[in-house]
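Trainee: Build me a structure from this.
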Amino acid sequence: MATQSKRYRKIAKDVEDKVYDLAEAMRFLKAHTSAKFDETAELAIRLGVDTKKSDQTVRGTVGLPHGTGKSIRVVVFAAGAAADAARAAGADVVGNDDLIEKVKGGWTEFDIAIATPDAMKEVRKLGKVLGPRGLMPNPKTGTVTDDTAAAVRESKAGRVEFRMDKAGNVQVPFGKLSFDEGKLLENVKSIISAVAAARPAATKGVFIKRCTLSSTMGVGLRVDVRD
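Mentor: Predicted coordinates:
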């Protein structure tokens, strides 16, 4: 059984038994960072959906106003003009058949994969490699498109994907604790709004049931997002 570190237990002693407002929770996280690296701030949301019903799946993307603070590696499956546009926009790796073969061999050293509709005919065959890692391009997330340049720029600027897991939870990073409080608040509010807007029509009752803010090495703080 895993045990909690002394650092974690020390921080946990300062957590009050209450629901924090967003700004208050953000201040707590920033004041209680003790790792030797720049910790990532994360938002976890418990959704009020029926996970057994396919029409209540929640998935989408959102552009963070201030990015994630992470260098995003983007690959693009494309040929011709779409490939040239992707390279010009700053894609890390661009290819078609050659890139497909490389990924088929197990290479997944990237964060986001983009593909043109034509390329998807072959990229779909990479489902066993990309699917489990959440890297498969999807029209719903804007990663299957002929406008590869725009998709690359948005991904590099801080567009993040959110996707509900099998238990009905969504977990999304929204920046680094080195960001100032205002930037973190704007980022997290953008995610909450995007998730709320992605509510399936078939969902009944309370959609966002619980929200928690945390950092890489810190504790989770339940936050009030009713406003």
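
Trainee: show me what contacts residue 204?
Mentor: Contact analysis of residue 204 by C-beta atoms under 8 Å, 6 or more residues apart in numbering lists nothing. From N, CA and C alone the C-beta is placed, and that goes for glycine too.

Trainee: quick one: what helix or strand has it in it?
Mentor: Using DSSP states H and E, residue 204 falls within no helix or strand.

Trainee: Now do residue 14, the pLDDT please.
Mentor: Looking at residue 14, its pLDDT reads 61.

Trainee: Residues contacting stretch 156-164, please?
Mentor: The contact list for stretch 156-164, computed with C-beta under 8 Å, 6+ apart, reads 47, 49, 51, 57-68, 72, 74, 89-90, 112, 134, 141-142, 170, 172-174, 191, 194-195, 198.

Trainee: for stretch 25-42, same thing?
Mentor: 7, 10-11, 14-15, 20, 68-70, 171-179, 181, 184-185, 188, 213-219, 221, 223.

Trainee: try stretch 219-227
Mentor: Taking C-beta under 8 Å, 6+ apart as the rule, stretch 219-227 contacts 8, 11-12, 15, 19-22, 25, 28-29, 32, 44, 192, 208, 210-214.

Trainee: Tell me the secondary structure of residue 160, please.
Mentor: For residue 160, the assignment made with DSSP: H, G, I helix; E, B strand; the rest coil gives strand.

Trainee: Just give me the longest helix of this protein.
Mentor: Counting by DSSP state H, the longest helix found in the chain is helix 181-197.

Trainee: in that helix, what counts as buried?
Mentor: 183, 184, 185, 187, 188, 189, 190, 191, 192, 194, 195 (16 or more other C-beta atoms under 10 Å).

Trainee: ok, so of the residues you listed, who is nearest residue 83?
Mentor: residue 194 (29.6 Å; C-beta to C-beta).

Trainee: And the closest one, how close does it get to residue 162?
Mentor: Relative to residue 162, residue 194 is positioned 7 Å away (C-beta to C-beta, to the nearest Å).

Trainee: Touching both of the two, which residues are there?
Mentor: Common neighbours of residue 194 and residue 162, using C-beta under 8 Å, 6+ apart, are 60, 61, 62.

Trainee: out of those, which one sits closest to residue 82?
Mentor: residue 61 (19.6 Å).

Trainee: Can you give the distance of the helix or strand hosting the closest one from its chain's centre?
Mentor: Per DSSP H and E, residue 61 falls inside strand 59-63. Relative to its parent chain, strand 59-63 has a centroid offset of 8 Å by C-alpha atoms, centre = their mean, to the nearest Å.

Trainee: cool, and stretch 190-202?
Mentor: For stretch 190-202, the distance to the chain centre is 14 Å (C-alpha atoms, centre = their mean).

Trainee: which residues are in contact with it?
Mentor: Under C-beta under 8 Å, 6+ apart, the answer for stretch 190-202 is 43, 45, 47, 49, 53, 55-65, 160, 162, 170, 172, 174, 207-208, 211, 225.
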